[in-house]
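# My questions concern the predicted model and sequence given below.
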Amino acid sequence: MATKTAPKATEKAAAAPKGKKAAETKGSDGKAAETKAAKPNALQQPLKPTEELAAIVGAASLPRGEVVSKVWEYIKKHNLQNPENKREILADDKLKKVFGKDKCTMFEMNKHLAAHLKSA
């Protein structure tokens, strides 16, 4: 008498229905749903600077990445990095209004900038 053997794992996988990936799902209209990459992320969203920060980067709404770049341009143009420790920024009058103190590290800078940016 012949015995039944269990199907092999590859046969099970081939027989199983194929799942859809998140990017392949379709909406109610039958078109492919948008992926998360289509939405602007936090660095691309335009933000409005406060008056203190606008004195450095301008009054126009800018994405966070551009604000950081413009602040670094200002720091380098006015030679505000500590020559002994380049990670430390020595604030002038304009930057003191943004940082709230005479000096801060480049890692603290983003925290201070975030306090001066609002949704546009």
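Noted; the coordinates are in hand.
# gap between the two ends of stretch 55-70?
11 Å (Cα to Cα, to the nearest Å).
# actually stretch 43-56, not the one I wrote
OK, stretch 43-56 end separation, Cα to Cα: 19 Å.
# Check which helices and strands whichever helix in the chain runs longest sits against.
In the chain, with assignment by DSSP state H, the single longest helix is helix 64-77. Using 3 or more Cβ pairs under 8 Å, 6 or more residues apart in numbering; DSSP states H and E, the elements in contact with helix 64-77 are strand 46-49, helix 51-57, helix 93-99, helix 106-114. All C-beta atoms are positioned from the backbone trio N, CA, C, and that covers glycine.
# who's in contact with the last one?
The set of residues external to helix 106-114 that reach it, using Cβ atoms under 8 Å, 6 or more residues apart in numbering, is 53, 64, 67-68, 71, 87-89, 98-100, 104.
# Same check on the first one?
With Cβ under 8 Å, 6+ apart as the contact definition, strand 46-49 has outside contacts at 57-59, 61-64, 67, 116-120.
# From the residues you listed, list the buried ones, please.
Taking 16 or more other Cβ atoms under 10 Å as the criterion, what is buried in the contacts of strand 46-49 is 57, 61-64, 67, 116-117.
# ok so, going back, columns mean pLDDT and distance to residue 82 on top of the helices and strands packed on helix 64-77, output as JSON lines?
Below are the helices and strands packed on helix 64-77 laid out as JSON lines (pLDDT from 0 to 100; distance: least, Cβ to Cβ, whole Å):
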{"stretch": "strand 46-49", "mean pLDDT": "95", "distance to residue 82": "25"}
{"stretch": "helix 51-57", "mean pLDDT": "96", "distance to residue 82": "19"}
{"stretch": "helix 93-99", "mean pLDDT": "95", "distance to residue 82": "13"}
{"stretch": "helix 106-114", "mean pLDDT": "93", "distance to residue 82": "10"}
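# surely residue 94 meets residue 55?
Yes - contact status for residue 94 versus residue 55: in contact at 5.2 Å, counting by Cβ atoms under 8 Å.
# anything in contact with each of these two?
Joint contacts of residue 94 and residue 55 (Cβ under 8 Å, 6+ apart) do not exist.
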